[in-house]
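Novice: Sharing a model that was predicted from the sequence below.
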Amino acid sequence: MDQQIIWITGASSGIGEALAINYSKKGDKLILSARNQQKLEEVKSKCAYPENVRILNLDLNNTESFPYKVDEAWNLFGKIDILINSGGVSQRGLGLNTSLKTELEIMNVNFWGSVVLSKALINKMIPLKSGQIVCISSLVGKFGTKFRSTYSASKHALHGYFDSLRAELFESGIKFTIICPGFIRTDVSINALTESGNKQGTMDDAQDNGMPPDVFAKKAISAISKHKEEVYIGGKEVLGVYLKRWVPLFFSKFMRKAKVV
Ligand SMILES: NC(=O)c1ccc[n+]([C@@H]2O[C@H](COP(=O)([O-])OP(=O)(O)OC[C@H]3O[C@@H](n4cnc5c(N)ncnc54)[C@H](O)[C@@H]3O)[C@@H](O)[C@H]2O)c1
């Protein structure tokens, strides 16, 4: 396959970092985005061909900067084949106790950050009649669990939005892939926001025992290359998607009792 030009948000750690390292092994050209320049430089240095990697600082809270950021990203290599929206922030807190400020931040980063960035880029892809938008959603984009109300809502919203866009743009040549990870061993729980908006700061057992990000990245890259519309990647927690779909009442009762952290 020809070299591709891939823009990854949330590339400074976890899933975004693992995707960058794995795509780099294939000789693809990469644009790595997040807020922390130093961490992005570290990821770049771990890539097989650092000379094929560019860094572009991006704050997903700052949607007003996106038109300029998209122009800047596009001009780095002359086009972009794939945007992977991996940047995101999780939640650890009861819905009733979570401040509106915290909820807005989660929605802004996870939902509006991905939507506004993708739309600006799609406008550049359409004249070329090719391009692919990838969203890293979550299994909780398919069902809700305790302590994740706003996070789950932000990921569900991605499905509604991008399923609609996929239908609207069916003839444009733009592909949409939504990937739902289960528990992946990253810092996502450490960086998750508590009810007051502070970082949780500790690793959850579920993440600690989760799938290694490198294994996840290889499965995700395979799904992206096949232009899959929606995929679930994780351990036995993936079963939840099918239980919710086929035995919703049983699943609802199960989730009431489940100790999810
Ligand atoms: N790890 C898991 O178990 C898991 C499960 C389901 C979904 N996810 C999703 O996977 C994606 C990647 O998470 P991860 O597991 O690699 O966690 P992580 O915390 O290691 O990575 C999150 C990335 O998003 C970036 N980010 C956060 N807020 C940002 C902002 N305002 N502007 C720019 N960048 C910002 C961070 O800098 C980091 O690069 C997220 O969307 C997350 O919701 C992860």
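Specialist: Good, I have the coordinates. Numbers count the residues shown, from 1 in each chain.

Novice: Quick check: nearest residue in space to Gly93, chain neighbours excluded?
Specialist: Spatial nearest neighbour of Gly93, excluding adjacent residues (C-beta to C-beta, 6 or more residues apart in numbering): Glu195 at 3.6 Å. For every residue, glycine as well, the C-beta is placed using N, CA and C.

Novice: The one you found and the ligand, how far apart?
Specialist: The spacing between Glu195 and the ligand, counted by C-beta to the nearest ligand atom, to the nearest Å, is 18 Å.

Novice: what residues are up against that residue?
Specialist: Contacts here follow C-beta atoms under 8 Å, 6 or more residues apart in numbering; on that basis Glu195 touches Gly93, Leu94, Asn97, Thr98, Ser99, Thr102.

Novice: at 6 Å instead, please
Specialist: Gly93, Asn97, Thr98 (C-beta atoms under 6 Å, 6 or more residues apart in numbering).

Novice: Provide a list of residues in contact with the last one.
Specialist: Under the criterion of C-beta under 6 Å, 6+ apart, the neighbours of Thr98 are Glu195.

Novice: could you redo the last one with a cut-off of 8 Å?
Specialist: Gln91, Ser149, Thr150, Glu195.

Novice: which of these has the most neighbours?
Specialist: Counting neighbours by other C-beta atoms under 10 Å, Gln91 comes out on top of the contacts of Thr98 with 26 neighbours.

Novice: isn't that one right up against Thr145?
Specialist: No: counting by C-beta atoms under 8 Å, Gln91 stays clear of Thr145, with 10.4 Å between them.

Novice: Spell out which parts of the chain neighbour the ligand.
Specialist: Neighbours of the ligand within the chain, by C-beta under 6 Å from any ligand atom: 10, 12-16, 34-35, 58-61, 86-90, 109, 136, 138, 181, 183-184, 186-188, 191, 207, 210.

Novice: Inside strands: which ones of those?
Specialist: Using DSSP state E, the members of the residues of the chain next to the ligand that fall within strands are Ala34, Ile136, Pro181.

Novice: Measure how buried the second one is and give me the count.
Specialist: Which is Ile136. Applying other C-beta under 10 Å, I find that Ile136 has 30 neighbouring residues.
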